[in-house]
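> build me a model:
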Amino acid sequence: MITVVGTGAGTPVDERCAAGAELVVGGRRHLDAVRLPEGAERIVLGPLAPALDTVGKYVAEERPVVVLASGDPGFFGIVRALAERFGPERLDVRPGVSSVAAAFARVGLPWDDAVVVSAHGRDPRTAVHLCRARPKVAVLTGPGAGPAELGAALRDTGRVLVVASALGSAEERVERVTPAEAAVRDWGPAVSVVLCLDEARALGPVGTVAGGAGGPAGWALDGAGFDHRDSMVTTFEVRALALARLGPRPGELVWDVGAGSGSVAVECARLGAAVTAVEKAPDGVERVRADAAAHGVDVRVVHGAAPDVLAGLDEDPDAVFVGGGGRALPAIVTACARRARRTVVVAVAAPDRVPAVREALTDAGLSCDGVLLRSSRLAPLPGDVTRPAAAHPVFLLWGIRPPAHTEGVCE
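This is a model prediction of the structure:
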């Protein structure tokens with residue numbers, strides 16, 4: 001049997017937890033905090049694989065093992081690795097208070113509506129995008145993905161960072177800082193968790209599902225829900241397919257280039273993605289901001305003309321929607337396709353621009369496909385009858401970045 005004991009974050013170490021163990025595994029501070037049985041082997045956790053190999057030898061001989069971990073070891077902790085290797089039936093898990101629960105308790109906030117993301121040993125971009133998109137996020141940090149790195153990436157968001165260090169110890173610190181302040185600090189190795197808060201929305205409505213608001217009840221919203229100029233808004237029929245091909249999801253970044261009313265940007269944000277909307281018209285910039293606020297989502301709006309303004313966007317997007325561009329459209333698509341990690345979707349009204357867009361997508365190494373959308377909506381006629389009223393046809397083209405071993409072709 002492997003006994004897994006959670007400690008720290010306000011959970012005192014039970015001196016009896018290691019009694020009878022022949023092998024005790026844990027971090028150095030955990031091992032130093034308990035009295036080990038005489039003759040028990042001690043492993044200070046570093047690389048996990050060698051420790052698991054040793055645990056396996058003891059398990060095979062049915063010799064008792066104790067693993068010490070921080071907080072709740074079943075929450076982004078060692079329980080997963082142990083269960084995968086030895087089976088959950090061999091585990092006796094005794095959880096402590098997780099660092100996330102402790103940090104929210106310290107600032108007096110509930111956390112059933114918070115999104116929790118681990119940046120420990122992972123690419124921090126997912127954590128950054130969630131912090132941009134959601135009002136309450138807890139980030140489990142690691143080397144190269146701590147408060148300074150988060151702060152540098154979130155300077156323009158208006159968020160507040162709560163940095164909780166050494167929770168449950170005599171050196172515990174819980175500090176509220178701006179992202180700019182966090183970016184210039186050396187935080188050391190004791191950070192337990194970072195809370196990223198939009199303080200105006202930190203007390204969200206009571207829900208029934210933990211982890212923040214669920215997905216929207218619907219998408220491809222009616223154009224009447226957006227402020228737009230001279231009906232310059234991507235129709236809901238086009239938006240529906242564009243969203244299906246963009247696949248916006250939490251933890252990803254989407255660009256909406258030539259945003260217009262911001263309808264695509266807003267819909268992607270409603271589906272949980274971090275969104276940057278690029279718009280060249282000053283009144284369009286304000287329109288996108290107003291539409292985002294009306295739908296209760298965060299959209300970063302950049303004022304400028306593509307493709308030149310795109311060079312100032314530091315981070316490459318996962319997906320891009322291009323909804324405008326005029327004569328510059330091929331150059332815009334080229335710039336977007338070179339930087340998109342996953343897909344580019346382009347709405348084209350003029351048939352003579354389709355070949356150039358296809359060429360731009362394939363030249364950037366994306367596989368290409370598309371469709372001509374023709375829709376007819378029901379329109380009222382006298383006598384309580386309706387007729388189909390045809391909307392303007394639109395070409396929707398998309399390019400998908402294939403695996404590295406394949407080449408993009410447009411058939």
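> element containing residue 164, please.
strand 160-165 (DSSP states H and E).
> what's the next secondary structure element after that strand?
In N-to-C order, the element after strand 160-165 by DSSP H and E is strand 173-177.
> got the angle for that next one vs strand 160-165?
Using axes from the mean of the first three to the mean of the last three C-alpha atoms, to 10 degrees, the direction of strand 173-177 lies 160 degrees away from that of strand 160-165.
> list the buried residues in stretch 208-225.
By 16 or more other C-beta atoms under 10 Å, the buried positions in stretch 208-225 come out as 212-213, 219-221, 223. Heads up, the C-betas are built off the backbone N, CA and C, glycines and all.
> so which of the residues you listed comes closest to residue 362?
Using C-beta to C-beta, residue 220 comes nearest to residue 362 of these, at 28.0 Å.
> report the distance from stretch 140-152 to the chain centre.
Centroid displacement of stretch 140-152 relative to its chain, using C-alpha atoms, centre = their mean, to the nearest Å, is 15 Å.
> next one: stretch 348-368
With C-alpha atoms, centre = their mean, you get 29 Å for stretch 348-368.
> sorry, back to before: dump the buried residues of stretch 208-225 to TSV, plus distance to residue 53 and pLDDT.
TSV is the format used below for the buried residues of stretch 208-225 (distance: C-beta to C-beta, whole Å; pLDDT from 0 to 100):
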residue	distance to residue 53	pLDDT
212	38	70
213	43	64
219	48	86
220	52	84
221	54	84
223	60	76
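> output the below-cut-off pLDDT ranges for the stretch 101-250 of the chain.
213-214, 228-232 (pLDDT under 70).
> show me where it has helices.
125-133, 147-153, 179-183, 236-246 (DSSP state H, counting those that start in this stretch).
> which elements pack onto the last one?
Counting contacts by 3 or more C-beta pairs under 8 Å, 6 or more residues apart in numbering; DSSP states H and E, helix 236-246 packs against helix 263-270, strand 319-322, strand 343-348, strand 367-373, strand 394-400.
> pLDDT of the longest one, averaged?
The average pLDDT within helix 263-270 is 95.
> how far out from the middle of the chain is the helix or strand that comes right after that helix?
Sequence order places strand 274-279 as the next helix or strand after helix 263-270, per DSSP H and E. Mean-position distance between strand 274-279 and its chain equals 16 Å (C-alpha atoms, centre = their mean).
> who's in contact with strand 274-279?
If you take C-beta atoms under 8 Å, 6 or more residues apart in numbering as the criterion, strand 274-279 is touched by 128-130, 132-133, 248, 252-260, 262, 265-266, 268-269, 285, 288, 292, 297-304, 306, 309-310, 313, 317.
> so after that strand, what's the next helix or strand?
helix 282-294.
> any buried residues in that following helix, and which?
Taking 16+ other C-beta under 10 Å as the criterion, helix 282-294 shows 284-285, 287-289, 291-292 as buried.
> before we move on, what about stretch 350-362?
Buried residues in stretch 350-362 (16+ other C-beta under 10 Å): 353, 357-358, 360-362.
> can I get those residues in CSV with pLDDT and secondary structure?
Output for the buried residues of stretch 350-362, formatted as CSV (pLDDT from 0 to 100; DSSP: H, G, I helix; E, B strand; the rest coil):
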residue, pLDDT, secondary structure
353, 94, helix
357, 96, helix
358, 96, helix
360, 96, helix
361, 97, helix
362, 97, helix
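> got a list of what residue 171 touches?
165, 190.
> secondary structure class for residue 69?
strand (DSSP: H, G, I helix; E, B strand; the rest coil).
> now do the contacts for residue 371.
241, 395-396.
> from those, which single one is nearest residue 9?
Out of those, the member with the shortest distance to residue 9 (by C-beta to C-beta) is residue 241, at 47.0 Å.
> now the spatially most central residue of the chain, nearest residue through space, not along the chain?
Nearest residue to the geometric centre of the chain (C-alpha atoms, centre = their mean): residue 251, 1.6 Å. Nearest non-adjacent residue to residue 251, counting by C-beta to C-beta, 6 or more residues apart in numbering: residue 126, 3.9 Å away.
> how close does that neighbour get to residue 99?
Distance, residue 126 to residue 99, using C-beta to C-beta, to the nearest Å: 19 Å.
> and those two? which has more neighbours close in?
A direct count of neighbours by other C-beta atoms under 10 Å for residue 126 and residue 99 places residue 99 higher, at 25 against 19.
> contact partners for the more buried one?
Contacts of residue 99 by C-beta under 8 Å, 6+ apart are 8-9, 70-71, 140, 164, 167, 192-193.
> next, it: phi, psi?
Phi and psi for residue 99, reported as degrees, to the nearest 10, are phi -60, psi -30.
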